[in-house]
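In: Attaching a predicted model along with its sequence, questions to come.
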Amino acid sequence: MKNIGDQIQFDIYKNMRNPDPDRLPVSYEEWEKAARHKLEDGPFYYVKGGAGGGRTMDANVSSFNRWQIVPRMLNNVDERDQSIQLFGQSFPSPILHAPIGTQSVIHKEGELGSAKACAELGIPYIASSASTFPMEKIAEAMGDAPRWFQHYWSRDPEIAASFVKRAEASGYSAIVVTLDTPMMAWREDDLRNVYLPFLIGEGVGNYFTDPAFLSKLDQSPQDDPEAAVMHWTKVFGNTGLTWDDLAFLREHTNLPILLKGILHPEDAELALKYGVDGIIVSNHGGRQVDGAIAAIDALPLITDTVQGRIPVLMDSGIRRGSDIIKAMALGAKAVLVGRPAMYGLAVDGQRGVKEVLQNLAADLDITLGLIGKNSVNQIDESVIVEAQKFRLRESVK
Ligand SMILES: Cc1cc2nc3c(=O)[nH]c(=O)nc-3n(C[C@H](O)[C@H](O)[C@H](O)COP(=O)(O)O)c2cc1C
Ligand SMILES: CCCCCCC(=O)C(=O)O
């Protein structure tokens, strides 16, 4: 993705005299609006909505304004590179596709469309446990392209072990354990719309194909779908987990294990103590605890604690290239993109997801150059200041 911004921007402007009337949106806000036209209330608000009154969801975006970028000039930015290294692999960009469940309620291509879009770009796709399609089908659609598996740790240990084994066998190269969703939050939009995709049999693809899950049913999900969904509601989450349980997961996989949903520095300490390989600072896009700290505010608390011992990634609120620069300046190695990709999926399936991610990479590339950097590896805390504390005279001393 070297200098990707030059090409993408040119491609858009070159049609200036004859703009395509069906051209895709550009800004996050336009994508959201276009998705609104495509989706019914249930699925649209399932994607857009947050927990409670949506205060954390809003803060995830507005808190980026607490930080401001201070560009540098005359640094020769002819060559710009956004590639990164993570767990011994090279990725073309610090952008990853966040794990998102039940994507077939957003577009018929579902996770297969999103995963293929990522494969086209070389962007790692994180497949959710709660995907409509089983992880093997997603892997098949991606060929050799990079992919991680997001693990919802089932109450049934046989399912938990089976999921990581299946992920390993189908070429996923890291396990992301989401900690913040052992149960569904109080989501007012979904309660108002009486809408939960799982109860209509969406998002259960991994479970309905799992030998451990199937062995507990009296009849197959095809013969008695309702009983299968009911069983799913019993085993999906695990509110009984503790830090000591991480050893169980470690016994079942050699893949790097990342914990998603860390917000407190003491939990970051515990993650280090229990030997995990990476942390994803996230509040699940404000979908779990209304009033939780914004992810970008939690990020420096975590990176200060971790001190580079393991990679720290972040999500929740990434909308533009400058957000990625701010997150990296605060110590994130990479970021995950959630809702923007889902609005792309809603608007035009695989093509929409590719467009959203590609535009984000282009925006990052251009912004990187405009702040005087040749590589995302050069981004550090000197790139930003805390808005209210900015005193130019003091910072240049
Ligand atoms: C519709 C939807 C479904 C999601 N499903 C999952 C999931 O299955 N597993 C998971 O770890 N996170 C899930 N998330 C959370 C995302 O991985 C990510 O943390 C969040 O989208 C980041 O917030 P943002 O999209 O507002 O930037 C979901 C988010 C959305 C919007
Ligand atoms: C019963 C909780 C399922 C949630 C799975 C999908 C998800 O993570 C979300 O945010 O929605």
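Out: Thanks, I have it. Numbers count the residues shown, from 1 in each chain. Ligands and ions are numbered 1, 2, ... in the order given.

In: For Met314, what are phi and psi?
Out: phi -150, psi 160 (degrees, to the nearest 10).

In: Over to the residue of the stretch 251-397 of the chain found nearest ligand 2: give its phi and psi.
Out: Using CB to the nearest ligand atom, Arg287 is the residue of the stretch 251-397 of the chain that sits closest to ligand 2, at 4.5 Å. In this view, the C-beta of every residue, glycine as well, is placed from N, C-alpha and C. When quoted as degrees, to the nearest 10, the phi and psi of Arg287 stand at phi -90, psi 0.

In: Show the contacting residues for the residue in the stretch 151-300 of the chain that ligand 1 sits nearest to.
Out: Nearest residue of the stretch 151-300 of the chain to ligand 1: Gly285, at 2.5 Å (CB to the nearest ligand atom). By CB atoms under 8 Å, 6 or more residues apart in numbering, Gly285 lies in contact with Gly50, Met57, Asn60, Asp315, Ser316, Gly317, Gly338, Arg339.

In: same check, this time on Met183
Out: Contacts of Met183 were listed using CB under 8 Å, 6+ apart, and they are Gly237, Thr239.

In: Most neighbours out of the contacts of Gly285, which is it?
Out: Ser316 (31 neighbours; other CB atoms under 10 Å).

In: excluding its backbone neighbours, what's nearest that one?
Out: For Ser316, ignoring the flanking residues on the chain, the nearest one in space by CB to CB, 6 or more residues apart in numbering is Ala295 at 3.6 Å.

In: And the pLDDT for the one you found?
Out: What the model reports as pLDDT for Ala295 is 98.

In: Provide a list of residues in contact with it.
Out: With CB under 8 Å, 6+ apart, Ala295 has these contacts: Asn60, Leu263, Val281, Ser282, Asn283, Met314, Asp315, Ser316, Gly317.

In: Please, where are all the strands along the stretch 251-397 of the chain?
Out: Ranges of strands in the stretch 251-397 of the chain, per DSSP state E, counting those that start in this stretch, are 257-262, 278-281, 312-314, 334-337, 384-386.

In: can you list these in JSON lines and add mean neighbour count and distance to Arg17?
Out: Listed next are those as JSON lines, based on neighbours: other CB atoms under 10 Å; distance: least, CB to CB, whole Å:
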{"stretch": "strand 257-262", "mean neighbour count": "25", "distance to Arg17": "46"}
{"stretch": "strand 278-281", "mean neighbour count": "27", "distance to Arg17": "45"}
{"stretch": "strand 312-314", "mean neighbour count": "25", "distance to Arg17": "41"}
{"stretch": "strand 334-337", "mean neighbour count": "25", "distance to Arg17": "33"}
{"stretch": "strand 384-386", "mean neighbour count": "17", "distance to Arg17": "39"}
